[in-house]
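Engineer: take a look and give me a structure for this.
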Amino acid sequence: MSDALDTTPRDDPDEAAGQHDHDEAAGQHRDPDEGAGQHREPDARFLLANERTFLAWNRTGLALIISGIGVTQVLDEFRHRNLIGLPLLVLGGLIGPLGLQKWKANDAALRAEAPLPPSPLPPILAFMIAGVGIGALIAAIVG
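Structural biologist: Sure thing, here's the model as predicted:
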């Protein structure tokens, strides 16, 4: 008989609430707290989300590198092209290794069931892009 259709009263409130896992192969219930001192693999969704975030940082770094190359190589008439393009290249080159470091730290925290460490990447990226934008504006005004 299926557990969903079983209306038999239970003495164990956890079992009645469905809080015990059901081992289909053995046909037995097992307690989720069993083996609590043992290492458990974190939920795959969190590991995959961490990996997607790492890949997003890499895409951001590649976009910055391509932008830096574009500014330094394509804008021949723009005198201050290196002032704008080189910081983009440097920032793009730093994002990859910093993203890897952040991925490793998050992965370790997830596996240790600890809080995720704070990330220095968003403020670094935000201030560097703001600096490049202000530099570009000044260079465009000065000519």
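
Engineer: just the helices in the chain please.
Structural biologist: In the chain, helices defined by DSSP state H lie at 13-16, 44-74, 81-111, 121-142, listed in chain order.

Engineer: need these in a markdown table (columns: mean pLDDT and mean neighbour count).
Structural biologist: Quick note: C-beta positions are derived from backbone N, CA and C, even for glycine. Converted to a markdown table, these look like this (pLDDT from 0 to 100; neighbours: other CB atoms under 10 Å):
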| stretch | mean pLDDT | mean neighbour count |
| --- | --- | --- |
| helix 13-16 | 48 | 12 |
| helix 44-74 | 94 | 15 |
| helix 81-111 | 94 | 17 |
| helix 121-142 | 90 | 13 |
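
Engineer: who's in contact with the spatially most central residue of the chain?
Structural biologist: Closest residue to the average C-alpha location of the chain: T53 at 2.9 Å, with CA atoms, centre = their mean. Residues counted as contacts of T53 (CB atoms under 8 Å, 6 or more residues apart in numbering) are 102-103, 106.

Engineer: let's see that with 6 Å instead.
Structural biologist: The contact partners of T53, by CB atoms under 6 Å, 6 or more residues apart in numbering, come to none.

Engineer: how much space is there between it and P122?
Structural biologist: From T53 across to P122, the span is 11 Å (CB to CB, to the nearest Å).

Engineer: swap in L75?
Structural biologist: According to CB to CB, L75 and P122 sit 28 Å apart.

Engineer: from the middle of its chain, how far away would stretch 117-132 be?
Structural biologist: Centroid separation for stretch 117-132 versus its chain: 15 Å, with CA atoms, centre = their mean, to the nearest Å.

Engineer: what do you get for stretch 96-108?
Structural biologist: In terms of CA atoms, centre = their mean, the centre of stretch 96-108 is set 9 Å apart from its chain centre.

Engineer: just stretch 79-98 next, same as before
Structural biologist: With CA atoms, centre = their mean as the basis, stretch 79-98 stands 23 Å off its chain's centre.
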